[in-house]
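Chemist: Generate a structure from the sequence data that follows.
(chains A and B)
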Number of protein chains: 2
Amino acid sequence: MTQPYVIRPIGHVESPLRDREAAPRQGDEGAPDAWLVFDATVSEALRDLDTGTDVIVLTWLDRADRDVLAVRPRGDASRPMTGVFSTRSPDRPNPIGLHRVTIAAIDGLRVLVRNLEALDGTPIVDVKPVLGDPGDR
Amino acid sequence: MTQPYVIRPIGHVESPLRDREAAPRQGDEGAPDAWLVFDATVSEALRDLDTGTDVIVLTWLDRADRDVLAVRPRGDASRPMTGVFSTRSPDRPNPIGLHRVTIAAIDGLRVLVRNLEALDGTPIVDVKPVLGDPGDR
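Modeler: Residues are numbered from 1 along each chain as shown, chains lettered A, B, ... in the order given. This next block holds a predicted model:
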């Protein structure tokens, strides 16, 4: 049950966000546009993405601390320590980022999205349709 | 950018779903209750989960085919081949499952959830609050 698995990134984020201190504290508090830059090996998986639709992007938060199990939410010292499974802290045992974004433009292997809270260079691991949309599974 | 990362499962699913053929085709078409059984090493990360709330469970779909880049949605031969990033196919380069579930009961390291489409034994990799709920990050 505890066998490890290997994530192979399929691309990376190009963003003006360069470090965690500059990043917004939460996705829905506003984040910049960013480019998703995909590897050519997954071009077939991308081919049905459409401008104007929302998708869920999964990233690997490569600058996270995987030994953290509890945090003060939003880094607010007045809030109690909270188990990370009840927070969106990037610091957690498997630091997978979950981002709902709108596709603004597609240029080959480059996809421009609105409102992505992910640092420049963050590895991309998956893209999924929003559940309930046509085409699921 | 293409460096691999290692996922270390934090628990596993106990479910009556034993194989893919028996699984519902999509999460919102109805799925059974299941137990999330967590490793003792992450008990601190779990401690603020609450019965009655919805959470997002991330799993590693360990029986998936990672070489698949396009599928016919829902396995329907009448539908066109579609890039997997526009589908919820478990077969995809990084087979991470995304499941919104309701917590029905908590018993130590065991958490009972409603409506989880995941096969028995599936590794759990993360749990997150639903975005927009109090306590985010």
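
Chemist: Given the biggest strand by length in chain A, what are its sheet partners and their directions?
Modeler: Longest strand in chain A, counting residues (DSSP state E): strand A:96-107. Counting by DSSP bridges, the strands paired with strand A:96-107 are strand A:54-60 (antiparallel), strand A:110-114 (antiparallel).

Chemist: Quick one, which of those gets closest to A:A40.
Modeler: With CB to CB as the criterion, A:A40 lies closest to strand A:110-114 of the strands paired with strand A:96-107, at 11.5 Å. The way it works is simple: take the backbone N, C-alpha and C, and place the C-beta from them, glycine included.

Chemist: Next, work out how far apart the spatially most distant residue from the centre of chain A and A:T87 are.
Modeler: Most distant from the centre of chain A: A:S78, at 27.5 Å, with distances by CA atoms, centre = their mean. For A:S78, the distance to A:T87 equals 15 Å [CB to CB, to the nearest Å].

Chemist: returning to what we had before: ok, which of the strands paired with strand A:96-107 comes nearest A:P123?
Modeler: For these, distance to A:P123 was read as CB to CB. The smallest value, 4.4 Å, belongs to strand A:54-60.

Chemist: Quick check: buried residues in the closest one?
Modeler: A:55-60 (16 or more other CB atoms under 10 Å in any protein chain shown).

Chemist: do stretch A:8-20 as well
Modeler: Across stretch A:8-20, burial judged by 16+ other CB under 10 Å covers A:9-15, A:17.

Chemist: do the same with stretch A:57-77
Modeler: Within stretch A:57-77, the residues that count as buried by 16+ other CB under 10 Å are A:57-62, A:64, A:68-71, A:73.

Chemist: With stretch A:103-115 instead?
Modeler: Within stretch A:103-115, the residues that count as buried by 16+ other CB under 10 Å are A:103, A:106, A:109, A:111-113, A:115.

Chemist: quick one on the thing from earlier: export the strands paired with strand A:96-107 to JSON lines and tack on mean pLDDT?
Modeler: Shown next, in JSON lines, are the strands paired with strand A:96-107 (pLDDT from 0 to 100):
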{"stretch": "strand A:54-60", "mean pLDDT": "97"}
{"stretch": "strand A:110-114", "mean pLDDT": "98"}
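
Chemist: Kindly reformat these as a markdown table containing distance to A:T41.
Modeler: Putting the strands paired with strand A:96-107 into a markdown table (distance: least, CB to CB, whole Å) gives the following:
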| stretch | distance to A:T41 |
| --- | --- |
| strand A:54-60 | 17 |
| strand A:110-114 | 15 |
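
Chemist: Identify whichever of the ones you listed lies nearest to A:E44.
Modeler: A:E44 lies closest to strand A:110-114 among the strands paired with strand A:96-107, at 14.6 Å (CB to CB).

Chemist: strands paired with whichever helix or strand comes after the closest one, and their directions?
Modeler: Counting by DSSP states H and E, the element after strand A:110-114 in chain order, helix or strand, is strand A:123-129. Counting by DSSP bridges, the strands paired with strand A:123-129 are strand A:11-14 (antiparallel), strand A:54-60 (antiparallel).
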